[in-house]
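> Okay, structure incoming, though there's no sequence with it:
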């Protein structure tokens, strides 16, 4: 309910790190701000993105596993993902972890599906979005760089950095507070 209340505040013109203390990057608060008109009618609407993103994450796990395993093995990987305690907990709550998992797996999938610069850029965009939901996504950056390969990793990193900066740009006037809070 904290994210719902802070999203309501954002929808009413409040600015994170300026008007209220917030301990995470702004991604989840901004999403809840956009969803606030629907959430005001029925708060469960705030859970729908979590459920959809978790289902998408399981599908991405299947698609990534399919590149290395048999169909049965990939289905098992997707089901294990769906049945993991983390997925079961996050899928029923409104927290940024769903967004981080989905966008990091999306980045990895995009890097694997087609070895082109375009897909490296798209993966960087997805990874930048993940970082804006929760900074620990950066810990997966070395693995993503390895998947990107020798030729595409600079493009991937540049796209990740640019997307992260673009999403954080509205908060640059409060950069000190953003740094202190998070």
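Yes, it's here. If you're wondering where the values come from, they're calculated on a predicted model, not measured in any experiment. Numbering: from 1, shown residues only.

> Please point out which parts of the biggest helix by length in the chain sit buried.
Looking across the chain with DSSP state H, the single longest helix is helix 141-168. Residues 141, 144-145, 147-148, 152-153, 155-157, 159-160, 163-164, 167-168 are the ones in helix 141-168 that count as buried (16 or more other C-beta atoms under 10 Å). Quick note: C-beta positions are derived from backbone N, CA and C, even for glycine.

> low pLDDT regions in the protein?
Residues of the chain meeting the criterion pLDDT under 70: none.

> Against which helices or strands is the longest helix of the chain packed?
helix 97-113, helix 117-133 (3 or more C-beta pairs under 8 Å, 6 or more residues apart in numbering; DSSP states H and E).

> Can you add mean neighbour count and give those helices back as a markdown table?
A markdown table is the format used below for these (neighbours: other C-beta atoms under 10 Å):
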| stretch | mean neighbour count |
| --- | --- |
| helix 97-113 | 23 |
| helix 117-133 | 23 |
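
> which stretch among the ones you listed comes nearest residue 41?
Distances from residue 41 to each of the helices and strands packed on helix 141-168 were compared by C-beta to C-beta, and the smallest falls on helix 97-113, at 21.6 Å.

> Show me how far that closest one is from its chain's centre.
Helix 97-113 sits 8 Å away from the centroid of its parent chain (C-alpha atoms, centre = their mean, to the nearest Å).

> now swap in stretch 58-70 and tell me
Offset of stretch 58-70 from its chain centre (C-alpha atoms, centre = their mean): 19 Å.

> So what touches it?
Identification of contacts with stretch 58-70 by C-beta atoms under 8 Å, 6 or more residues apart in numbering yields 73-79, 81-82, 87, 102, 105-106, 108-109, 112-113.

> go again using 6 Å as the cut-off
The contact list for stretch 58-70 (C-beta atoms under 6 Å, 6 or more residues apart in numbering) reads 74, 77, 78, 81, 82, 105, 109.

> Filter those down to just the buried residues.
74, 77, 78, 81, 82, 105, 109.

> Hmm, residue 3 is touching residue 94, no?
Yes - counting by C-beta atoms under 6 Å, residue 94 is a contact partner of residue 3 at 5.0 Å.

> which one of these two has more residues nearby?
For the pair residue 3 and residue 94, the greater number of neighbours falls to residue 94 (24 against 21), based on other C-beta atoms under 10 Å.

> Any chance of TSV for the contacts of stretch 58-70, columns secondary structure and distance to residue 34?
Rendered in TSV, the data for the contacts of stretch 58-70 read as follows (DSSP: H, G, I helix; E, B strand; the rest coil; distance: C-beta to C-beta, whole Å):
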residue	secondary structure	distance to residue 34
74	helix	34
77	helix	32
78	helix	29
81	helix	27
82	helix	27
105	helix	23
109	helix	25
